[in-house]
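Visitor: I need the structure of the sequence given here:
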Amino acid sequence: MLIAESVLPSGRMGVEVVEVGRVTLKTIAEHVGVSRMTVSNAFSRPDQLSEDLRARILSAADELGYAGPDPAARALARGRTGVIGMVLTNSPRDAFTDDVAVGFVRAVAGSLADAGYSLVLLHSSGESGVVPARDIAMDGAIVYSCAPAMSAYTALRERRLPIVNVEGSPLPGVPDISIDNAAGAYQAARHLVELGHSRIAVVVDALDADNRPSSEISLETASTTVAARMDGWMRALDEAGIVPMLVGTPALDIDAVLRERIDRMLDHPPTAVLAFSDLAALEVMERARDRGIRVPEQLSVVGFDDNPLAARVSPPLTTVRQDIDAKGEAAVKALLALLREEDAESPPPLPTALVIRSSTAPPS
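Guide: Numbers count the residues shown, from 1 in each chain. Got it, this is the predicted structure:
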């Protein structure tokens, strides 16, 4: 469609809309008087042309309303799409309720942009049989906190795309980016022991535990992340001769089952709780507040992640800090190495650190 000024039957100037065919590289070439390849180089290989000629071609393209080379054709010619996929544990809608996941996506998107790539979020299925992890063109993918059995993960593996695994179950040949969950958990449990707590409960996900002693619960179904945190918590508590109560849910997040079991725990509350995440810790604090149980005077609570909410709640939450930006940057660095067909070994776990705030105190 072209818009041009013309003389109307009344003799006055007006605007006439003229329908024309789709503008192509050939259209621009004929307009400028050069070859189609020269026009193509103006967009994809500007170093092949003089500045003056390229400026004339781009000006003609703008005048004719040319939107640019077809992205699919450009990707085919380059052998790259310029797109990286990301699979999240939950749907994108649910994942963005967690500031830790949001921070990770932000860090990855920023690092990819610096390298000239765009990020697309993937989910397991879609309407009309479309499975983004199977059907969207991309150069590689980052899989965040997923089990190997997830359909999106399986689809990516079947496509033989370069993949980096973040905080998930390790897979042979796939670089894994993780944090030192065990060390952070050990510090958290040791902090409670040093305050004098001995009646301690551990609140976890991916573990079916309804207020049972840890000695009676198998950890076989625990996620990789929770298993590592359990290892750190239990080492510190074992050293102190403490057998904690476990409160968990088979689900991968906070659900109605976990909330019910937290309520049962608070019927006869421990003096301290170690939670698998800050969001779980805040759930414990809210339910304790509803019952008139004061934190930290009657119940100390420790989270994990250092979610931005942790410092803003009342009382501010003692937690284990992980560096979300460093984790995102490490994931992108490993994936870019794979795209360059370089060996990308799993780096050492990123460090964690205990942040002591006002949600913990000696038992009364």
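Visitor: what is the neighbour count of residue 255?
Guide: As a burial measure, residue 255 scores 12 neighbours (other Cβ atoms under 10 Å). To be clear about C-beta, it is placed using only N, CA and C from the backbone, and glycine gets the same treatment.
Visitor: what about the nearest residue to it once chain neighbours are set aside, how many neighbours?
Guide: In space, and not counting its chain neighbours, residue 255 is closest to residue 249: 5.5 Å by Cβ to Cβ, 6 or more residues apart in numbering. When neighbours are defined as other Cβ under 10 Å, residue 249 has 24 of them.
Visitor: isn't residue 249 up against residue 205?
Guide: Yes: the pair residue 249 / residue 205 is scored as a contact, 5.8 Å apart, by Cβ atoms under 8 Å.
Visitor: need the residues touching each of these two.
Guide: residue 258 (Cβ atoms under 8 Å, 6 or more residues apart in numbering).
Visitor: now the terminal residues of stretch 281-301, how far apart.
Guide: The first and final residues of stretch 281-301 sit 6 Å from each other (Cα to Cα, to the nearest Å).
Visitor: return the set of buried residues in that stretch.
Guide: 281, 282, 283, 284, 285, 288, 295, 296, 299, 300, 301 (16 or more other Cβ atoms under 10 Å).
Visitor: and what of stretch 344-360?
Guide: Buried residues in stretch 344-360, counted by 16+ other Cβ under 10 Å: 344, 349, 350, 352, 354, 355, 357, 359, 360.
Visitor: average model confidence for stretch 171-183?
Guide: Averaged over stretch 171-183, pLDDT sits at 92.
Visitor: oh, I was asking about stretch 261-277
Guide: 97.
Visitor: okay, now the unreliable bits of the stretch 251-364 of the chain?
Guide: For the stretch 251-364 of the chain, no stretch is flagged by pLDDT under 70.
Visitor: all helices of it, in order?
Guide: Using DSSP state H, counting those that start in this stretch, the helices found in the stretch 251-364 of the chain span residues 256-267, 278-290, 324-339.
Visitor: quick one, the shortest one and helix 278-290 angle?
Guide: Right, the one you point to is helix 256-267. Angle, helix 256-267 to helix 278-290, by axes from the mean of the first three to the mean of the last three Cα atoms, to 10 degrees: 50 degrees.
Visitor: doesn't residue 247 fall inside a strand?
Guide: Yes: according to DSSP: H, G, I helix; E, B strand; the rest coil, residue 247 belongs to a strand.
Visitor: residues contacting it?
Guide: Listed by Cβ under 8 Å, 6+ apart, the contact partners of residue 247 are 201, 202, 203, 204, 209, 210, 211, 258, 261, 262, 264, 265.
Visitor: run a quick neighbour tally on residue 32.
Guide: Neighbour tally, residue 32, other Cβ under 10 Å: 17.
Visitor: and it, how far from residue 157?
Guide: Separation of residue 32 from residue 157 (Cβ to Cβ, to the nearest Å): 47 Å.
Visitor: can you redo the helices of the stretch 251-364 of the chain as JSON lines with distance to residue 231?
Guide: Formatted as JSON lines, those follow (distance: least, Cβ to Cβ, whole Å):
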{"stretch": "helix 256-267", "distance to residue 231": "21"}
{"stretch": "helix 278-290", "distance to residue 231": "18"}
{"stretch": "helix 324-339", "distance to residue 231": "20"}
